[in-house]
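Q: Build me a model:
(one chain, ligands or ions: 3)
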Amino acid sequence: MIDISRPLTPGHPNWPGDLPFRVEPGMRIARGDSVNTGELHTSTHTGTHVDAPWHYDDAGERLDEVGLEPYLGRCRVVTVRAEGGLVRPGALADLPEALPPRLLLHTGQPARWAEFPADFAALDPELVREVARRGVRLIGTDSPSVDPLTSKTLDAHHACRETGVLILEGLNLSGVPDGEYDLVCLPLPLAEVDGAPARAILLPAGTLPGGGA
Ligand SMILES: Nc1ccccc1C(=O)C[C@H](N)C(=O)O
Ligand SMILES: [Zn+2]
Ligand SMILES: [Zn+2]
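A: Ligands and ions are numbered 1, 2, ... in the order given. Now for the predicted structure:
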């Protein structure tokens with residue numbers, strides 16, 4: 001089992017302008033309480049997380065309308081490089097034409113972000129359309145977004161919307177060998193939201209029932 005989730009440590013670098021991630025102390029045994037508790041303060045897009053379509057389309061499904069099936073099953077991890085800040089069509093030329101339903105792009109992001117990686121590799125919308133044609137229904141990336149930090153048009157997000165491809169961002173693929181696995185990605189069960197932090201792991205291909213679905 002390979003954990004491909006980013007640890008959520010206090011001060012975890014978030015998207016510029018977003019609330020910093022923190023866990024505020026709640027009850028404390030040392031103060032005479034019966035238990036220790038904490039209060040979680042986070043963006044829905046902190047660390048390893050999924051985007052629901054409502055995040056980029058006001059008519060899109062909220063997270064609880066998406067269900068879990070897209071996030072569970074056969075995937076392929078592939079190392080890619082960006083050209084001019086975008087992973088472009090042709091980056092997957094060496095892969096079989098037919099791709100598994102889930103494609104996780106390893107662009108080279110480190111396991112931990114000391115600061116927000118503003119110059120991360122984003123996706124060319126044409127790459128999104130290409131992988132959708134080749135069978136992909138979930139695209140994952142180790143970058144914090146499929147679009148550049150300064151994008152206002154969110155072309156890759158909207159290409160995902162057009163093609164019905166869901167989005168998983170902020171993965172930690174550092175040291176993960178390219179190849180096929182079974183993905184288990186479980187977003188927090190937050191209702192009526194635009195996305196949620198998720199715990200994502202890779203299992204050997206074929207571990208989950210149902211073959212490569
Ligand atoms: N928190 C934000 C606030 C405003 C704009 C983008 C973000 C993001 O976190 C980017 C997000 N991960 C995305 O889906 O691209
Ligand atoms: Zn996001
Ligand atoms: Zn996104």
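Q: who in the chain is up against ligand 3?
A: D51, S145 (Cβ under 5 Å from the ion). Heads up, the C-betas are built off the backbone N, CA and C, glycines and all.
Q: For the chain, identify the residue most remote from the centre.
A: Ranked by distance from the centre of the chain (Cα atoms, centre = their mean), the top residue is G32, with 40.4 Å.
Q: quick one: that residue from H41, how far?
A: G32 is 25 Å from H41, where distance means Cβ to Cβ, to the nearest Å.
Q: element containing the residue of the chain found nearest ligand 2, please.
A: Proximity to ligand 2, evaluated over the chain using Cβ to the ion, is greatest for H45 at 3.9 Å. With elements delineated by DSSP states H and E, H45 resides in a region that no helix or strand encompasses.
Q: Sketch out the low-pLDDT regions of the chain for me.
A: Filtered on pLDDT under 70, the chain yields the residue ranges 211-212.
Q: Show me what counts as buried in stretch 49-69.
A: Applying a neighbour-count criterion of 16 or more other Cβ atoms under 10 Å, one finds 49-57, 60, 62-63, 66 buried in stretch 49-69.
Q: oh, I was asking about stretch 68-84
A: P70, Y71, L72, G73, R74, C75, R76, V77, V78, V80, A82.
Q: State the pair within the residues you listed that is farthest apart.
A: L72 and A82 (28.5 Å; Cβ to Cβ).
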